[in-house]
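Participant: Here is a sequence with its predicted model. Questions after.
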Amino acid sequence: MKTKKAGPRIIYTVFLAVLCFSWVLWFLISGTADTSDENRELHELKEVKSLEDYQKFPADFEEYFNDRIPFRSELITLKSAADYYLFNTTSSSRAAIGKDGWLFFTDVNDGNPIARYHGYAMNTEEELQKIATNLLEIRDELATRNIEFVIFIAPDKERVYFDKMPEKYGPPAEEYCTKQLVDYLHANTDLRVIYPLKELMTAKAKLSEPVYYKTDTHWNQIGGYVGACALLKELSIDMPAYDSEKITITESGHERIGDLSKMIGLGAQLKGSSTDYTVAGYDTHGIENLGDFDYGYRYRATEGADPRKILVIRDSFIISMLPYLSSQFSQSYYITFPAFKGNLIDEQQPDIVIFECVERYQNNIALFNLHAE
C-alpha cells in the first residue's frame, strides 16, 4: 500500500515545486520576459463591501489570478504559435487564417463582417427608407449653409480578397447589405455616395502589390490612394492614376504589426508580414500637419490647393487616405464618429462634410445625427 501511495505523492510534490518555482522565477525576471500581445487591461479585484460582493469574490479572484499566472503570456504565445504553424488554425474567435498567410476579421460583436460577406443582415424596405430620409435631411440642412455632403463607404477586406478567404467560408454573396444600401440610395435619391469596390478590384488585378494588409483589417497606403482618388473625383479633383507614369509605389521599409496578428497572439512573430508603402508623384500642395487634438487630425495645404475646407466624420480607414485627401484642400479636419458633436460644424465652418465608414460599420450611417451632443 505504501508503494502505491508513493507515486501520487511524488507527482503532487513535483507539481507544487514547479508551481512555486515558477512564481519565484517570475518574481526575479518580471518585466523582462513578458511578450504579451493582449491589448487589454488586466482584471482588478473588486473591493468587498457587501454580502453580494463576498459571494462573487471567488469568481472575481479566479479571474484576477488567471490574469497573473507566471509566464501566462509566453504560454499563450506558445499555444498560438503551435496552432498557427503546426495546425494552420487559431483559437481566436476574432480572426481566421486564410490562404497564403492572409488573416481575416471574424468578430461577430464588431461589425460581424462574415455575416455581411455571406449576405445576411439585409435591410428592410422600411429601414432603407428611414436611412435615406435621415441622410436627405442632413444633406438639405447642410445645403442651407452652403455645405456639400458626401458619403464614403470603404469595402471590407473580406470582400476584396475573397480569393484568400478560408475555404469554409465559400464565395461572397452577390447581394449584400452594403450593395443594397448603395444601390437604393443611388436609385431613389440624389445623394453623393461613393463605394469604391470596383476601383479596388481593378487595382488588385493590375498591381503586383496588395491593396490591403495581409495581417491587418485595414487597407494599406495603396488601397487608401485608390479610395481617395474615387472620393476626390466626386469632389471634382483629379488625381494621377495609381498605374500612371506620374505615380511611384515603393515599399517604405516599415515593419508593421497587424491588428489581426495581435488578435491571434502572434503580433511580434508575424511582424513585417504586412508591408507599408509610399505612394508619391501627386501634388502635395505644401501640406502641413497642424497637430492632433480631441480625437481629431488637422492639416493645411497652401500652394494652389482647392480653397474648400473639409470636415470628415470618420473611422480608422481614413488613416491611409489622410495624406492624399489633406493635400488637396486648403484645410482638413478629421473627427471620429463617436467623438463628433454638432457644434463642430459651427466651429469649423467647412465647405464639405464627408461621412466615412468601413462596410462593416455601415450601421453608423443610420445613426449619424448632425446635432449629436
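Facilitator: Thanks, I have the structure now.
Participant: residue ranges for the helices of the stretch 151-300 of the chain, please.
Facilitator: Counting by DSSP state H, counting those that start in this stretch, one finds helices in the stretch 151-300 of the chain at the ranges 157-160, 177-188, 197-206, 221-234, 259-263.
Participant: the inter-axis angle of the second one versus helix 197-206?
Facilitator: Between the axes of helix 177-188 and helix 197-206, defined by axes from the mean of the first three to the mean of the last three CA atoms, to 10 degrees, the angle is 130 degrees.
Participant: The helices of the stretch 151-300 of the chain: which one's closest to residue 84?
Facilitator: For residue 84, the closest of the helices of the stretch 151-300 of the chain is helix 259-263, at 9.4 Å, according to CB to CB. Just so you know, the C-beta spots here come from the backbone N, C-alpha and C atoms, and that holds for glycine as well.
Participant: could you give me the average pLDDT of that closest one?
Facilitator: Across helix 259-263, pLDDT averages out at 95.
Participant: now do stretch 294-301
Facilitator: Per-residue pLDDT values across stretch 294-301 average out to 90.
Participant: Run through who's touching that stretch.
Facilitator: Residues outside stretch 294-301 that contact it (CB atoms under 8 Å, 6 or more residues apart in numbering): 284-292, 322, 326-336, 338-339.
Participant: any idea how far stretch 215-229 is from the chain center?
Facilitator: For stretch 215-229, the distance between its averaged C-alpha position and the chain's averaged C-alpha position is 11 Å (CA atoms, centre = their mean, to the nearest Å).
Participant: so how many other residues sit close to residue 254?
Facilitator: Using other CB atoms under 10 Å as the criterion, residue 254 is surrounded by 11 other residues.
Participant: hang on, it packs against residue 278?
Facilitator: No. The pair residue 254 and residue 278 does not pass the contact test of CB atoms under 8 Å, sitting 9.4 Å apart.
Participant: ok, of the contacts of stretch 294-301, which come out buried?
Facilitator: Buried members of the contacts of stretch 294-301, counted by 16 or more other CB atoms under 10 Å: 284-285, 287, 322, 326-336.
Participant: Among these, which lie within strands?
Facilitator: When DSSP state E is applied, the buried ones among the contacts of stretch 294-301 are split such that 329-336 fall in strands.
Participant: Would you mind putting the residues you listed into JSON lines with pLDDT and distance to residue 198 alongside?
Facilitator: Below are these laid out as JSON lines (pLDDT from 0 to 100; distance: CB to CB, whole Å):
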{"residue": "329", "pLDDT": "98", "distance to residue 198": "25"}
{"residue": "330", "pLDDT": "97", "distance to residue 198": "30"}
{"residue": "331", "pLDDT": "97", "distance to residue 198": "31"}
{"residue": "332", "pLDDT": "97", "distance to residue 198": "26"}
{"residue": "333", "pLDDT": "97", "distance to residue 198": "29"}
{"residue": "334", "pLDDT": "97", "distance to residue 198": "25"}
{"residue": "335", "pLDDT": "97", "distance to residue 198": "29"}
{"residue": "336", "pLDDT": "96", "distance to residue 198": "28"}
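Participant: farthest pair in the residues you listed?
Facilitator: Between all members of these, the farthest pair (by CB to CB) comes out as 330 and 336, at 22.5 Å.
Participant: circling back: name the nearest of the ones in strands among the buried ones among the contacts of stretch 294-301 relative to residue 366.
Facilitator: For residue 366, the closest of these turns out to be residue 336, at 17.4 Å, with distances computed as CB to CB.
Participant: Good, wrapping up.
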